[in-house]
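Chemist: fold the following and give me the result.
(chains A, B and C)
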Amino acid sequence: MPEGHTVHRLAARHHELLGGDVVNAASPQGRFSAGAARMSGSKLVSAEAYGKHLLHHYDLGLTLHVHLGLYGKFSDGTVPAPPPIGELRLRLFNDRHWIDLRGPSACELLDASQVQALLDRLGVDPLRADADPKLAYARLRHRAAPLGALLLDQSIIAGAGLIFVMEVLYRAGLHPSTPGTALTPKGWKRIWGDLVSLMAQAVLSGRIDTVRPKHMPDAMGRPPRVDRHGGEVYVYRRAGQPCLVCRTPIARGELNGRNTYWCPACQS
DNA sequence: CAGATATGACAAC
DNA sequence: TTGTCCTATCTGG
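Modeler: Residues are numbered from 1 along each chain as shown, chains lettered A, B, ... in the order given. Predicted structure coming up:
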């Protein structure tokens, strides 16, 4: 379930479970055996998220970098850890807790310069206090590509995924194919503010909710509908279902191989 | 139980 | 623009 809010939650969780402790590492699946052996026995100094990237900083001077991709997943618990089942890329544990990682698109050890190179190619993360929205706007406003693609570009905005982008465009009344050049300062301010508040809320709740109270489906006389992703949304994966505001069926399309969703009436 | 699907990011063409 | 990778879960038969 990896959009930026998930990764920020994981960073906090991992620091809570293993931070300040010597960590044991193993790769039962074998694909990260060398890395696990190298980092095992070193102390986890801190864990942080940048966009969708998770970084564990260890006192041996190396950083564990994990990107969950589309399928990656973490789980954790208190010892004893269950026997490793399936494709378990990485297991971390101390005396009290274990953390398992499956299916990541990246799981690697980086030195300081490699970490810097990673951060250098990432855009502005709405969940980070040091985020500079002006920088992202400067990268958006002169590009003719559709906003549905630009807002997903991690070198512009780091951490927003398909759900947040589709929902934020809906709330701004902008069609996903609106070119970046058409984004006014006012429109950008609205989108950025939404990203910051919606993503921050998602960090707290662990799910993505974007529907304003007055638009909640049960307020319209229908049962609330919670998507499999766990939250309540206007358009994401609601193709064919009525818009929660105007009842027009939600449309679905494709952009760069990703699904896009919008209300043909509310977004132009 | 096979097939489709998924909140992502690449490289190769 | 297409293909590829990573894994679990949901769907329909």
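
Chemist: can I get the strand or helix carrying A:Gly77 in CSV, CA atoms only?
Modeler: Counting by DSSP states H and E, the element that carries A:Gly77 is strand A:73-78. Taking C-alpha atoms only, strand A:73-78 is exported to CSV below (Å, rounded to 0.1, in the frame of the first residue of the first chain):
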residue,chain,number,x,y,z
LYS,A,73,5.2,-5.0,2.0
PHE,A,74,6.5,-4.8,5.5
SER,A,75,5.1,-6.7,8.5
ASP,A,76,6.3,-6.7,12.1
GLY,A,77,5.7,-8.2,15.5
THR,A,78,7.1,-9.2,18.8
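
Chemist: was I right about A:Gly161 contacting A:Leu68?
Modeler: No - judged on Cβ atoms under 8 Å, A:Gly161 makes no contact with A:Leu68 at a distance of 10.6 Å. Yep, even glycine has a C-beta here, placed from its N, CA and C like the rest.

Chemist: where do the contact lists of these two overlap?
Modeler: A:2, A:52 (Cβ atoms under 8 Å, 6 or more residues apart in numbering).

Chemist: and the next element down the chain from the strand holding A:Gly77?
Modeler: strand A:90-93.

Chemist: and that next one with DNA strand C, contact?
Modeler: No - shown here: strand A:90-93 not in contact with DNA strand C (Cβ under 7 Å from any atom of the strand), separated by at least 10.0 Å.

Chemist: that strand - contacts with which helices or strands?
Modeler: helix A:4-18, strand A:22-26, strand A:97-102 (3 or more Cβ pairs under 8 Å, 6 or more residues apart in numbering; DSSP states H and E).

Chemist: reformat these as JSON lines; add mean pLDDT, mean neighbour count and distance to DNA strand C.
Modeler: Output for these, formatted as JSON lines (pLDDT from 0 to 100; neighbours: other Cβ atoms under 10 Å; distance: least, Cβ to the nearest atom of the strand, whole Å):
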{"stretch": "helix A:4-18", "mean pLDDT": "97", "mean neighbour count": "21", "distance to DNA strand C": "15"}
{"stretch": "strand A:22-26", "mean pLDDT": "98", "mean neighbour count": "19", "distance to DNA strand C": "14"}
{"stretch": "strand A:97-102", "mean pLDDT": "96", "mean neighbour count": "20", "distance to DNA strand C": "4"}
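
Chemist: and the residue in the stretch 101-250 of chain A positioned nearest to DNA strand C, how far from A:Thr178?
Modeler: Taking Cβ to the nearest atom of the strand as the measure, the stretch 101-250 of chain A has A:Gly103 as its residue closest to DNA strand C, at 2.9 Å. According to Cβ to Cβ, to the nearest Å, A:Gly103 stands 34 Å off from A:Thr178.

Chemist: more neighbours: the two, which one.
Modeler: Legend: neighbour count by other Cβ atoms under 10 Å for A:Gly103 and A:Thr178, higher for A:Thr178 (19 against 16).

Chemist: leaving out chain neighbours, which residue sits closest to that one?
Modeler: A:Leu147 (4.9 Å; Cβ to Cβ, 6 or more residues apart in numbering).

Chemist: cool, A:Val196 as well?
Modeler: Nearest one to A:Val196, counting by Cβ to Cβ, 6+ apart, is A:Pro126 at 4.7 Å.

Chemist: I'm done for today, thanks for sticking with me.
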